[in-house]
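> Okay, structure incoming, though there's no sequence with it:
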């Protein structure tokens, strides 16, 4: 084996230009596959992060009527939908894929959040519990958070986000000010923001509408005061933080099952459904990858062309080295020894082409990323697989020349000029 490898390198060194031209097809094919696959994986990871959000891992479970979210503002809640209790919440928190969970209620409020002569044109009011901020990864950057007394004493206090603060207070400190929420006065006790500032990478108008589903401001109030604004015993939604991003689908579905178990009807028209952002990300990834798979197929054709080139050169090599083959056979070399020599030489040739192709492909991927701003992700599993695949190509396309060399008649081979 080692002797065959040494002879293969000797043959490559003795015909440098011919070997380089032979490897060119392999290099181009491998480099194309590495560059395309790195771009695909980088884009898919960006799609996943854009939809899910960096490290948020939150799945929401809401009431749906058919395929659409249930509208509390315009519809009467069916009698078979029971208010959610703390017992169900504890069951959900006990699910292995769930890190934490929180109940909340929400209602769109167009022009119903005011302060003085200013109003917020597009906003959402949330009735939250004590764990809502931590589940969603929010932090209070000014003022204070809700306390147990705020909930127990039904205090009309509120937390607002940056959008509400900018619209109603124009950058001034909002803490201590009173805002009008649906006709009720609420004292602003703090301003909240995300603990990690994440913004999706948006390059097209379609991506903007995909990732920016809610651009209005948020006002958080204790859920204990929710009946003052809306109705008593209103079913709440659920926010579930999964232990990691890959557990989001399982965590959401388990929470959905537990909430639907509280519905007092066998086949309800209104039921809880999880909004699986990870599944949406996978769908977008499949959509973006469909065309790129065709590109990889085209790149694979160049590998086929490169393999044919290797076979052609190896056939030439067999012809050139016919007297050498005849001498080895005359000295007792068996067909297996001759065949292995040419197979390994073809494999070494394509394996070198594969390694050079990987280096060119990685450089090409980084170049594309720098020029176009497209993210990349280099998978070393794919890198190793392409090198192994290039070696296999050499073995496959070197089989015919190796078979031909092994079948040569030693007497005729020695007479060959």
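Good, I have the coordinates. Since the model is a prediction, treat every value here as computed from it, not as a measurement.

> Local confidence estimate at residue 199?
Residue 199 is assigned 47 on the pLDDT scale.

> and what of residue 58?
In this prediction residue 58 is given a pLDDT of 85.

> List the contacts of it.
135-137, 239-242 (C-beta atoms under 8 Å, 6 or more residues apart in numbering). No exception for glycine: its C-beta is placed from N, CA and C like everyone else's.

> Which one (most neighbours) among these?
Greatest neighbour count in the contacts of residue 58, by other C-beta atoms under 10 Å, goes to residue 240: 27 neighbours.

> Who are the contact partners of residue 219?
Going by C-beta under 8 Å, 6+ apart, residue 219 touches 109, 113, 123-126, 158-161, 164, 179, 181, 186.

> Looking at those, which is nearest residue 356?
residue 161 (53.2 Å; C-beta to C-beta).

> distance of that closest one from residue 31?
Distance, residue 161 to residue 31, using C-beta to C-beta, to the nearest Å: 47 Å.

> Of those two, which one has the most company?
residue 31 (25 against 19).

> Hmm, the more buried one is touching residue 365, no?
No. Checked against C-beta atoms under 8 Å, the pair residue 31 and residue 365 is beyond contact range at 9.1 Å.

> Mean confidence (pLDDT) on stretch 297-317, please.
Stretch 297-317 comes out at a mean pLDDT of 76.

> Please apply the same query to stretch 380-389.
Mean predicted confidence for stretch 380-389 is 81.

> go on, stretch 88-100?
93.

> likewise stretch 252-260?
Mean predicted lDDT for stretch 252-260 stands at 91.

> same question, stretch 168-182
Mean predicted confidence for stretch 168-182 is 91.

> Next, the buried residues of that stretch.
168-169, 174-175, 177, 179, 181 (16 or more other C-beta atoms under 10 Å).

> on that earlier part again, now for the contacts of residue 219, which sits with the most neighbours around it?
residue 160 (32 neighbours).

> Just the pLDDT for that one.
The score at residue 160 is 94. That number is its pLDDT.

> can you check residue 287 too?
For residue 287, pLDDT reads 52.

> Likewise for residue 27?
86.

> I'd say it and residue 359 touch.
No. With contacts counted by C-beta under 8 Å, residue 27 stays clear of residue 359, the gap being 9.0 Å.

> okay, the two: which has more neighbours?
In this view residue 27 and residue 359 are compared by other C-beta under 10 Å, and residue 27 has more residues nearby, 24 against 15.

> Going along the chain, name the helices of the stretch 251-400 of the chain.
Along the stretch 251-400 of the chain, counting by DSSP state H, counting those that start in this stretch, helices occupy 277-320, 322-330, 335-372, 380-397, 399-406.

> now do the stretch 51-200 of the chain
Counting by DSSP H, counting those that start in this stretch, the helices of the stretch 51-200 of the chain are 86-93, 132-136, 148-152, 162-169.

> got TSV for the ones you listed, with distance to residue 342 too?
Below are the helices of the stretch 51-200 of the chain laid out as TSV (distance: least, C-beta to C-beta, whole Å):
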stretch	distance to residue 342
helix 86-93	65
helix 132-136	65
helix 148-152	81
helix 162-169	70
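
> Residue 35: what secondary structure?
helix (DSSP: H, G, I helix; E, B strand; the rest coil).

> Next, the contact list for it, please.
Per C-beta under 8 Å, 6+ apart, neighbours of residue 35: 361, 364-365, 368.

> out of those, which is most surrounded?
Of the contacts of residue 35, with other C-beta under 10 Å as the count, residue 361 tops at 27 neighbours.

> In terms of pLDDT, where does it sit?
87.

> Okay, it and residue 393: tell me how far apart.
16 Å.

> ditto for residue 107
In terms of C-beta to C-beta, residue 107 sits 62 Å off from residue 393.

> quick one, which of the two is more surrounded?
residue 393 (28 against 18).

> Does the more buried one touch residue 309 like I think?
No. Taking contacts as C-beta under 8 Å, residue 393 lies outside contact range of residue 309: 10.5 Å.

> residues contacting residue 368?
35, 39, 374, 376.

> how close does the second one sit to residue 359?
Which is residue 39. Taking C-beta to C-beta, one finds residue 39 at 17 Å from residue 359.

> what does the last one give?
Residue 376 sits 15 Å away from residue 359, going by C-beta to C-beta.

> likewise residue 300?
Applying C-beta to C-beta to residue 300 and residue 359 gives a distance of 19 Å.

> Spatially nearest residue to residue 386 (excluding sequence neighbours)?
Nearest residue to residue 386, sequence neighbours excluded (C-beta to C-beta, 6 or more residues apart in numbering): residue 30, at 5.1 Å.

> Is it correct that that neighbour is in contact with residue 364?
No. Assessed by C-beta under 8 Å, residue 30 is found out of contact with residue 364, at 10.7 Å.
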